[in-house]
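*Asks:* any chance you could fold what I've pasted below:
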Amino acid sequence: MKFYDLHVHSEFSEGESSIEEIAERAKILGYSGICFAEYFKNFRKIEELKKKLNDVSKRVGIEIYLGFEARNSYELSKLAKKRKEFDILLVRGGELNLNRKAVETKEVDVLTHPEFGRKDSGLNHVMARLASENNVAIEINFREIVSLSKTSRSLLLKNIQRNIMLCRKYGTPLILSSGAISHWHLKDPKVLISMACVLGLEIKEAKNALSQVPGKIIQISKGRQDERWIMPGVKVIS
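*Replies:* Sure, this is the predicted structure:
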């Protein structure tokens, strides 16, 4: 079974470790692939970054994907228009209007920690249904859990469990990630799977959230980058 962590940050965004350090650590831990989530500034250096990721991928022997994490509606709109130029589109969750826009946007792959900084879960039945229809995965972020303590962590876990319930009800894809900002923050896939089981997922569901769901996201992304791809649901076939 192949495991993928689609939400890690390198020194290019808020991370503390280099691309090489994170890729090598992920390889040791048993991941087949990782996605570096960078922040949108402009697209002038995107080809340079893609070349660097490709070079590291070949040297380390691990699949590496380039993602951008939108932090507001403006960035989301800009990134959605340039969707063919990178691999994964993530949206930083927490703000309710941005959560809603993310699940409504077919170009989005992952809504990261929708409950971030909130007293509620950041999702409701309508948004869970929209995420299912648009194939937007809802993230369970390990770094968010370990960075909190006491009452704050208890509230977070309660909200994650509610989102798991909503995703199950509407068939919304769930994805596990480390959210790592350092190569030391990366976790063994078995650790993430165990955590997900504690939160209420069955072992098969937890494994799928780290293998099949991200694998499908990658497969769809590769389809988007095909020169015959026009837009979601539209592709030149002859």
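
*Asks:* which helices and strands does the longest helix belonging to the chain pack with?
*Replies:* Ranked by residue count, the top helix of the chain under DSSP state H comes out as helix 150-170. Judged by 3 or more C-beta pairs under 8 Å, 6 or more residues apart in numbering; DSSP states H and E, helix 150-170 is in contact with helix 125-133, strand 137-141, helix 142-147. Any C-beta I mention is one placed from the backbone N, CA and C, and that applies to glycine too.

*Asks:* tell me which residues of it come out buried.
*Replies:* Neighbour counts using 16 or more other C-beta atoms under 10 Å place 155, 156, 157, 159, 160, 161, 162, 163, 164, 166, 167, 170 of helix 150-170 among the buried residues.

*Asks:* tell me the bridge partners for the nearest residue to residue 112 once chain neighbours are set aside.
*Replies:* Spatially, and ignoring its direct neighbours in sequence, residue 112 is nearest to residue 139 (4.6 Å; C-beta to C-beta, 6 or more residues apart in numbering). Beta bridges link residue 139 to residue 175 when assigned by DSSP bridges.

*Asks:* surely residue 139 is in contact with residue 177?
*Replies:* Yes - counting by C-beta atoms under 8 Å, residue 139 touches residue 177, with 5.7 Å between them.

*Asks:* the more surrounded of those two?
*Replies:* residue 177 (29 against 26; other C-beta atoms under 10 Å).

*Asks:* residues contacting the more buried one?
*Replies:* Under the criterion of C-beta atoms under 8 Å, 6 or more residues apart in numbering, the contact list for residue 177 reads 5, 6, 7, 8, 112, 139, 140, 141, 142, 192.

*Asks:* for the residues you listed, which one is nearest residue 184?
*Replies:* Minimum distance to residue 184 across those is 11.8 Å, recorded for residue 8 (C-beta to C-beta).

*Asks:* quick one: that closest one from residue 97, how far?
*Replies:* 26 Å (C-beta to C-beta, to the nearest Å).

*Asks:* now do residue 219
*Replies:* For residue 219, the distance to residue 97 (C-beta to C-beta) stands at 30 Å.

*Asks:* if we can go back for a sec, for the helices and strands packed on helix 150-170, state which one has the densest average packing.
*Replies:* Mean neighbour counts were taken over the helices and strands packed on helix 150-170 using mean count of other C-beta atoms under 10 Å, and the top value, a mean of 27, falls to strand 137-141.

*Asks:* could you tell me the angle between that strand and helix 125-133?
*Replies:* Note on geometry: by axes from the mean of the first three to the mean of the last three C-alpha atoms, to 10 degrees, strand 137-141 and helix 125-133 are set 110 degrees apart in direction.

*Asks:* contacts for strand 137-141, please.
*Replies:* Counting by C-beta under 8 Å, 6+ apart, the neighbours of strand 137-141 from elsewhere in the structure are 7, 90, 93, 109-114, 116, 123, 128, 131, 160, 163-164, 167, 172-179, 195-196, 199, 209, 213-214, 217.

*Asks:* just those: which are in strands?
*Replies:* Secondary structure defined by DSSP state E assigns 7, 90, 110, 111, 112, 174, 175, 176, 177 of those to strands.

*Asks:* residue 224 and residue 82 touch, don't they?
*Replies:* No - using C-beta under 8 Å, residue 224 and residue 82 do not qualify as a contacting pair, with a distance of 11.2 Å.

*Asks:* these two: which is more packed in?
*Replies:* Between residue 224 and residue 82, counted using other C-beta under 10 Å, the more crowded position is residue 224 (19 against 14).
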